[in-house]
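Q: need a structure here:
(one chain, ligands or ions: 1)
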Amino acid sequence: MLLPITERLYRILYQGCLSRLPEGPAVRAGQALLRVLPVEAIYRPGQDDPRLSVKLAGVDLPNPVILSSMYYDVTILRKAMALGFGAVTTKSITGTPRPGHPEPNLVRLFTPEGPGFVNCNGFKNPGLAAFRVALSNLQHRRPVVVSVAGESADEYRRLVEGLAALADLVELNISSPNTRLVYELSAAPHRVADLIMAARRATTKPLIVKLSPDYPEANHRAIVPAILDAGVDAVNFGNTRRVVEPRLSQGAGGVSGPALFENVLTNVRALRRALGPGPGLIATGGIDSPEKAIRVLEAGADAVSYFTAFVTRGPTLPRRIGDAILSALDRRGLGTVAELRSHG
Ligand SMILES: Cc1cc2nc3c(=O)[nH]c(=O)nc-3n(C[C@H](O)[C@H](O)[C@H](O)COP(=O)(O)O)c2cc1C
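A: Numbering: from 1, shown residues only. Here you go, the predicted model:
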């Protein structure tokens, strides 16, 4: 099939250049290009067909495709909104600035399912005070999910109090494999319950909890019940999966990309059963094609999110997912994205 011109150009740029550079320079070059190129020209007027709109935790999204947590640069977040993502998620913000782990902190991973990464980013971010200033300059052309990561219930509370006013939704990252304390939280469900309660008391904005794929037992036995008890509005499944990776400066990191997908699909189904129809559910991990996006929506997700495919598949993916959803709705005689759930 003949690819549209923008996709062909991205393939040339990615396969011919970015994917051949060492990872560090490739990340810097990719982000620099994203900042300066007029990528918003890719947005097609009418891309946000009203049938694509979804409600996530009470918030209206023009479509169910969310940029997952990775960027704190508001220029890039603004570009992502202009490309047509239905919402954008910020990098996880910590109480104080963090330089992140030294390079190499991102390596490519080639799996039978397709290209992904392993990262030990280590929460490189400007910290609460500086990010508040930056975020106050970001126009919410699309809903903004602000992600926070603390090391205690009190730090999560402080982060939520500091950032919720600037967010449409707040995501509690309890699942990143790149900092020991955050990761250990997932293995200590009583601490998770405390921090969720502290965050819940700190804001009336919709709260999302982002789960780890490495703790299926704890998720289902303790963390999901704590989420339901606290009245959390939505769950995001999930974060990267921890692996030993000698190429990284920390000797280990989190796998992202299509190797995660089948497990995400299984967990989305199980979580929808456990949560019931009310709470929102975001599917994250390895979604890199319109077909996969539709499969997780059918399995019970209200929205899909991705980061890796933003790099590997290029900036037209939100539009392609939207087009495929509209075709699926037409073919099946359905009116809304939410109806896909019962017709999978
Ligand atoms: C370099 C890098 C940095 C990330 N930083 C964060 C983060 O700060 N907070 C978070 O919750 N997830 C973070 N993630 C995880 C992604 O948001 C996403 O959950 C994960 O990559 C799986 O989705 P994907 O396969 O579409 O990339 C990061 C992922 C990568 C590759």
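
Q: Can you give the contact residues for stretch 125-134?
A: The contact list for stretch 125-134, computed with Cβ atoms under 8 Å, 6 or more residues apart in numbering, reads 72, 74, 90-98, 100, 158-159, 162-163, 166. Heads up, the C-betas are built off the backbone N, CA and C, glycines and all.

Q: The residue positioned nearest the centre of the chain and G231, how far apart?
A: In the chain, the centroid-proximal residue (Cα atoms, centre = their mean) is S68; its distance is 2.1 Å. For S68, the distance to G231 equals 24 Å [Cβ to Cβ, to the nearest Å].

Q: same deal with E171?
A: From E171 over to G231 the distance is 16 Å, taken as Cβ to Cβ.

Q: Can you show me the strands along this protein?
A: Chain-ordered strands for the chain, with DSSP state E as the definition, fall at 54-56, 59-61, 65-71, 87-90, 106-111, 114-119, 144-148, 169-173, 207-211, 234-237, 241-244, 252-256, 280-284, 303-306.

Q: Let me have these in CSV, adding distance to R332 and mean pLDDT as columns.
A: Rendered in CSV, the data for those read as follows (distance: least, Cβ to Cβ, whole Å; pLDDT from 0 to 100):
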stretch, distance to R332, mean pLDDT
strand 54-56, 17, 98
strand 59-61, 21, 98
strand 65-71, 19, 98
strand 87-90, 25, 98
strand 106-111, 32, 96
strand 114-119, 27, 96
strand 144-148, 29, 98
strand 169-173, 29, 97
strand 207-211, 29, 97
strand 234-237, 25, 98
strand 241-244, 33, 95
strand 252-256, 31, 96
strand 280-284, 20, 98
strand 303-306, 18, 98
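
Q: Present those as CSV; the columns should include distance to the ligand.
A: As requested, these are exported to CSV (distance: least, Cβ to the nearest ligand atom, whole Å):
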stretch, distance to the ligand
strand 54-56, 16
strand 59-61, 17
strand 65-71, 4
strand 87-90, 7
strand 106-111, 5
strand 114-119, 4
strand 144-148, 5
strand 169-173, 4
strand 207-211, 5
strand 234-237, 8
strand 241-244, 9
strand 252-256, 3
strand 280-284, 5
strand 303-306, 3
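
Q: between those, which gets nearest to V296?
A: strand 280-284 (3.7 Å; Cβ to Cβ).

Q: Tell me, what's the model's pLDDT at D48?
A: Here the pLDDT value assigned to D48 is 87.

Q: Give me the nearest residue to it, chain neighbours excluded.
A: Closest residue in space to D48, ignoring its immediate chain neighbours: P62 at 4.2 Å, by Cβ to Cβ, 6 or more residues apart in numbering.

Q: do the same with Y43
A: Once flanking residues are discounted, Y43 sits nearest to G84: 5.0 Å by Cβ to Cβ, 6+ apart.

Q: give me the number of residues near the one you found?
A: One way to gauge burial is a neighbour count; for G84, by other Cβ atoms under 10 Å, it gives 24.

Q: Could you measure from it over to the ligand?
A: G84 sits 17 Å away from the ligand, going by Cβ to the nearest ligand atom, to the nearest Å.

Q: How about the residues of the stretch 51-200 of the chain by the ligand?
A: With Cβ under 6 Å from any ligand atom as the criterion, the stretch 51-200 of the chain comes near the ligand at residues 68-70, 91-92, 106, 117, 119, 121, 123, 147, 173, 176.

Q: In this protein, what residue spans correspond to helices?
A: Secondary structure of the chain, counting by DSSP state H: helices at 5-16, 23-36, 74-83, 128-135, 153-163, 180-186, 189-202, 216-218, 224-230, 261-275, 290-299, 308-312, 317-332.

Q: F123 contacts S176, correct?
A: Yes - taking Cβ atoms under 8 Å as the definition, F123 is a contact partner of S176 at 7.1 Å.

Q: For the residue nearest to D48, grab the count of nearby residues.
A: The tally of other residues near P62 (other Cβ under 10 Å) stands at 20.

Q: residue contacts, it?
A: Listed by Cβ under 8 Å, 6+ apart, the contact set of P62 reads 48, 52-53, 86, 142.

Q: How about N263?
A: If a contact means Cβ under 8 Å, 6+ apart, then N263 has 213, 241, 285 as its contacts.

Q: nearest residue to V243 other than its sequence neighbours?
A: Of all residues beyond its chain neighbours, the one nearest V243 is V255 (5.4 Å), with distances taken as Cβ to Cβ, 6+ apart.

Q: and the one you found, how many neighbours?
A: By the other Cβ under 10 Å criterion, the neighbourhood of V255 contains 23 residues.

Q: same deal with I223?
A: Other residues within reach of I223, judged by other Cβ under 10 Å, total 24.

Q: Check L56 too.
A: Neighbours around L56, by other Cβ under 10 Å: 25.

Q: now it, nearest residue through space, not along the chain?
A: Of all residues beyond its chain neighbours, the one nearest L56 is G280 (4.6 Å), with distances taken as Cβ to Cβ, 6+ apart.

Q: That neighbour against I227, yeah?
A: No - proximity of G280 to I227 does not meet the contact threshold set by Cβ under 8 Å, at 11.2 Å.
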